[in-house]
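In: here are the coordinates; sequence isn't available:
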């Protein structure tokens, strides 16, 4: 890239501002990474923006930033938080996050929301719901990256975790709205998975997708206050009993059931104690780090898969035939396997 | 293909046998398909062998057979049967299958067992465990196709279902041993999913992989006879209660819990009645056929995925770098996404 400078004396001032602007836009990645490693929030925010960018010129800097941050990453507890809308996720994160910062922790709050976009705003976009945490110098809140594909959103969030860790955040909270497969994606990038629930009459698991309860390391019944208190206690007993019906987890951890009131800040410290016990136990039996290794491997295979599919489905020849082929397959006019073979052959014709 | 014939008189006999052998080996697919459509068991067996074959010259005939059978397929009830080893799957299938043939049904029994191979023998290979059904003219038993990849085995089983249906079998039973993801694969090719269980002290769900109970349309507690009878009744109550904790299925079906004794042939007719009720209900609310359409679509996407991966992982350049890359990813030395991109780039270099 070159800057076009004017040669006459009168344009000197204009030239200087052009150079300044050029330097700012092209801030070398080493400088940016230095900022991240010092815990500079604006450097961290800018680095994340580059990583989230889809612009071609950000591709190389993005890889450089990640490569440089990678050796400084990993020293956090990564916690996934899920629950149906209305369960009080934002209030919980506000309360839980503030409790942690008051203990001297540095807390980063991220989100995985494949439905979010800049225009629609994401779950964390409405920061007014986390007024206390937003002003907290030891908390860093970043909304979900925009993107229509879960794969893309998950990738960016995974890389943002690394950057936040390099910037010294030792607790990473990752919120998910439970759209599509986002819980599975978040479960695959965290050390501990927290499911928020409400006590309520009738089917306690209503509204929770199949498989989510099985992923939980803790079920927290929120809004256990005032008139809800009694119901929350009952729900706690019921969930504890229900969890016994699930097969044990391979790391040996027995999921816990707790209740709390995020709005009244009760039961929050107890949740943190459970998480600390989990971390201690799983570091002792070496499951903590072996699980992270498994996750890295999973993401490698997942990324290969994503890239292969992306390329295939963006192929113009495939695009033009896929709709008709899918229709014929659905109607049972052609075998799915024959159709797949034909499409693959087509994708390779020049 | 041509046959080399000898011209001297003395070799006439030898020529005739050459021609006969040629005709037999190269039996035209139209002739074979005619046999299948007439319900000729040897034609069906030969057609399946061609479909299961990995030999290149069987590729085109295989596609022809499927294309010709496809319009005659679909008119069966496809039932998946799973359960841990020792639960009595073979005995159950023997009893259930015989009950169905005695009602005038034609029953095909298939299996999905990715660990099976010709040398190792598959779950259904030991036909001695199904002595009655083996001799039943209205039953057709076919062991799992050999193959190390679940994708390959699943594909062949899916296509075998079509052929069996074209041959007039109106009940297809598909057994799975529960290795790896085979239940999910079988669940994705059947109309109804049956989970066999045993009553036992302690954790009732022990040994069943996470997510399997959620897939079941019916849980059948087997060996409900003699001294086990009381325990089976208790297990039935416990499972019925546990199933209420799961969110409802999108087709509106409420999974049932029954008990039976396959060895004493008790409770078997009741299971068939539940399946009939399921089929009636899901045909009435149109879920039966829309689920099959969804399955077809799923298998198209799945096959594309399989083929893309197969090609990628068989690439020699990828093979030579993958082990090192995986190691670096697992150890956190390189980002999974960067590694994936590098491998993909490599796979495309000539």
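Out: Done, it's in. Note that this is a predicted model, so its numbers are computed, not measured.
In: from here on, just use CA atoms for contacts and neighbour counts.
Out: OK.
In: strands along the stretch 51-200 of chain A, start to end?
Out: In the stretch 51-200 of chain A, the segments counted as strands under DSSP state E, counting those that start in this stretch are A:77-82, A:107-112, A:139-141, A:171-176, A:192-198.
In: so, low pLDDT: which residues of the stretch 151-300 of chain A?
Out: By pLDDT under 70, the low-scoring segments of the stretch 151-300 of chain A are A:178-180, A:200-210.
In: skipping its backbone neighbours, what lies nearest residue A:304 in space?
Out: With sequence-adjacent residues excluded and distances taken as C-alpha to C-alpha, 6 or more residues apart in numbering or on different chains, residue A:304 is closest to residue B:340, at 5.1 Å.
In: from residue A:182, how far out is the one you found?
Out: Distance, residue B:340 to residue A:182, using C-alpha to C-alpha, to the nearest Å: 21 Å.
In: quick check: beta-bridge partners of residue A:258?
Out: Beta bridges link residue A:258 to residue A:220 when assigned by DSSP bridges.
In: that one: how many residues sit nearby?
Out: Neighbour count for residue A:258, taken as other C-alpha atoms under 10 Å in any protein chain shown: 23.
In: close enough to count as contact, it and residue A:238?
Out: No. When contacts are counted by C-alpha atoms under 8 Å, residue A:258 is not listed as touching residue A:238 (11.6 Å).
In: what do those two both touch?
Out: The overlap between the contact sets of residue A:258 and residue A:238 (C-alpha atoms under 8 Å, 6 or more residues apart in numbering or on different chains) is empty.
In: related to what we said a few turns ago, so which of residue B:340 and residue A:182 has more stuff around it?
Out: residue B:340 (25 against 21).
In: now for whatever helix or strand the more buried one lives in, which elements pack on it?
Out: According to DSSP states H and E, residue B:340 maps onto helix B:336-348. Helices and strands touching helix B:336-348, by 3 or more C-alpha pairs under 8 Å, 6 or more residues apart in numbering or on different chains; DSSP states H and E, are helix A:287-314, helix B:316-330.
In: is chain A contacted by the shortest one?
Out: What that stands for is helix B:316-330. Yes. Judged by C-alpha under 8 Å from any C-alpha of the partner chain, helix B:316-330 comes into contact with chain A through B:326, B:329, B:330.
In: need those residues in TSV (columns: neighbour count).
Out: Shown next, in TSV, are the residues of helix B:316-330 next to chain A (neighbours: other C-alpha atoms under 10 Å in any protein chain shown):
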residue	neighbour count
B:326	20
B:329	25
B:330	22
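In: re the thing from before, buried residues, the helix holding residue B:340. List them.
Out: Neighbour-count burial for helix B:336-348 flags B:336, B:337, B:338, B:339, B:340, B:341, B:343, B:344, B:347 (criterion: 16 or more other C-alpha atoms under 10 Å in any protein chain shown).
In: any chance of TSV for these, columns pLDDT and distance to residue A:29?
Out: Shown next, in TSV, are the buried residues of helix B:336-348 (pLDDT from 0 to 100; distance: C-alpha to C-alpha, whole Å):
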residue	pLDDT	distance to residue A:29
B:336	92	20
B:337	89	19
B:338	90	17
B:339	94	20
B:340	94	22
B:341	91	20
B:343	95	24
B:344	93	25
B:347	91	29
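In: and the stretch 251-350 of chain A, which residues reach chain B?
Out: A:293-294, A:296-297, A:299-301, A:303-305, A:307-309, A:326, A:329-341, A:344.
In: burial count for the closest residue to residue A:236 other than its chain neighbours?
Out: Among residues not flanking residue A:236 along the chain, residue A:257 sits closest, at 6.1 Å (C-alpha to C-alpha, 6+ apart). Residue A:257 is flanked by 22 other residues according to other C-alpha under 10 Å.
In: same deal with residue A:40?
Out: Using other C-alpha under 10 Å, residue A:40 has 15 other residues around it.
In: ok, now how distant is it from chain B?
Out: To chain B, residue A:40 is 23 Å away according to C-alpha to the nearest C-alpha, to the nearest Å.
In: just residue A:132 next, same as before
Out: Note on residue A:132: its distance to chain B, by C-alpha to the nearest C-alpha, is 34 Å.
In: can you check residue A:237 too?
Out: Noted for residue A:237: a distance of 13 Å to chain B, by C-alpha to the nearest C-alpha.
In: what of residue A:252?
Out: Relative to chain B, residue A:252 is positioned 14 Å away (C-alpha to the nearest C-alpha).
In: relative to residue B:254, how far out is that residue?
Out: Separation of residue A:252 from residue B:254 (C-alpha to C-alpha) stands at 32 Å.
In: do the same with residue A:264
Out: As judged by C-alpha to C-alpha, residue A:264 and residue B:254 stand 39 Å apart.
In: which one's more surrounded, the two?
Out: The neighbour comparison of residue A:264 against residue B:254 (other C-alpha under 10 Å) goes to residue B:254, with 16 against 13.
In: which residues touch the more buried one?
Out: Neighbouring residues of residue B:254 by C-alpha under 8 Å, 6+ apart: B:217, B:248.
In: need the three-state assignment for it.
Out: coil (DSSP: H, G, I helix; E, B strand; the rest coil).
In: quick one on the thing from earlier: between the helices and strands packed on helix B:336-348, which gets nearest to residue A:104?
Out: helix A:287-314 (22.8 Å; C-alpha to C-alpha).
In: helices or strands up against the closest one?
Out: helix A:268-284, helix B:287-314, helix B:316-330, helix B:336-348.
In: need those helices in JSON lines (columns: distance to residue B:274).
Out: Shown next, in JSON lines, are these (distance: least, C-alpha to C-alpha, whole Å):
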{"stretch": "helix A:268-284", "distance to residue B:274": "44"}
{"stretch": "helix B:287-314", "distance to residue B:274": "15"}
{"stretch": "helix B:316-330", "distance to residue B:274": "48"}
{"stretch": "helix B:336-348", "distance to residue B:274": "48"}
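In: quick one: the closest residue to residue A:132 other than its chain neighbours from residue A:144, how far?
Out: Closest residue to residue A:132 apart from its sequence neighbours, by C-alpha to C-alpha, 6+ apart: residue A:94 at 6.9 Å. Distance, residue A:94 to residue A:144, by C-alpha to C-alpha: 17 Å.
In: between the two, which is the more surrounded one?
Out: Applying other C-alpha under 10 Å to residue A:94 and residue A:144 shows that residue A:144 carries more neighbours, namely 29 against 21.
In: from residue B:29, how far out is that one?
Out: Counting by C-alpha to C-alpha - residue A:144 and residue B:29 are separated by 56 Å.
In: ok, residue A:196 next?
Out: From residue A:196 to residue B:29 the distance is 59 Å (C-alpha to C-alpha).
In: of the two, who's got more company?
Out: Counted by other C-alpha under 10 Å, residue A:196 and residue B:29 do not tie: residue A:196 has more neighbours, with 23 against 18.
In: so that one touches residue A:81, yeah?
Out: Yes. Counting by C-alpha under 8 Å, residue A:196 sits close enough to residue A:81 to count as a contact (7.3 Å).
In: residues in contact with both of the two, list them for me.
Out: residue A:89.
In: ramachandran angles for the closest residue in space to residue A:39 that isn't next to it in sequence?
Out: Closest residue to residue A:39 apart from its sequence neighbours, by C-alpha to C-alpha, 6+ apart: residue A:167 at 4.5 Å. Dihedral pair for residue A:167: phi -80, psi 0, per degrees, to the nearest 10.
In: which residues touch residue A:167?
Out: With C-alpha under 8 Å, 6+ apart, residue A:167 has these contacts: A:36, A:37, A:38, A:39, A:40, A:44.
In: just checking, the last one touches residue A:36?
Out: Yes. In this structure, residue A:44 sits in contact with residue A:36. The criterion is C-alpha under 8 Å, and the distance is 5.0 Å.
In: need the residues touching each of those two.
Out: By C-alpha under 8 Å, 6+ apart, the residues touching both residue A:44 and residue A:36 are A:163, A:167.
In: and for residue A:92, nearest residue in space, chain neighbours not counted?
Out: residue A:262 (4.8 Å).
In: from chain B, how far out is the one you found?
Out: 26 Å.
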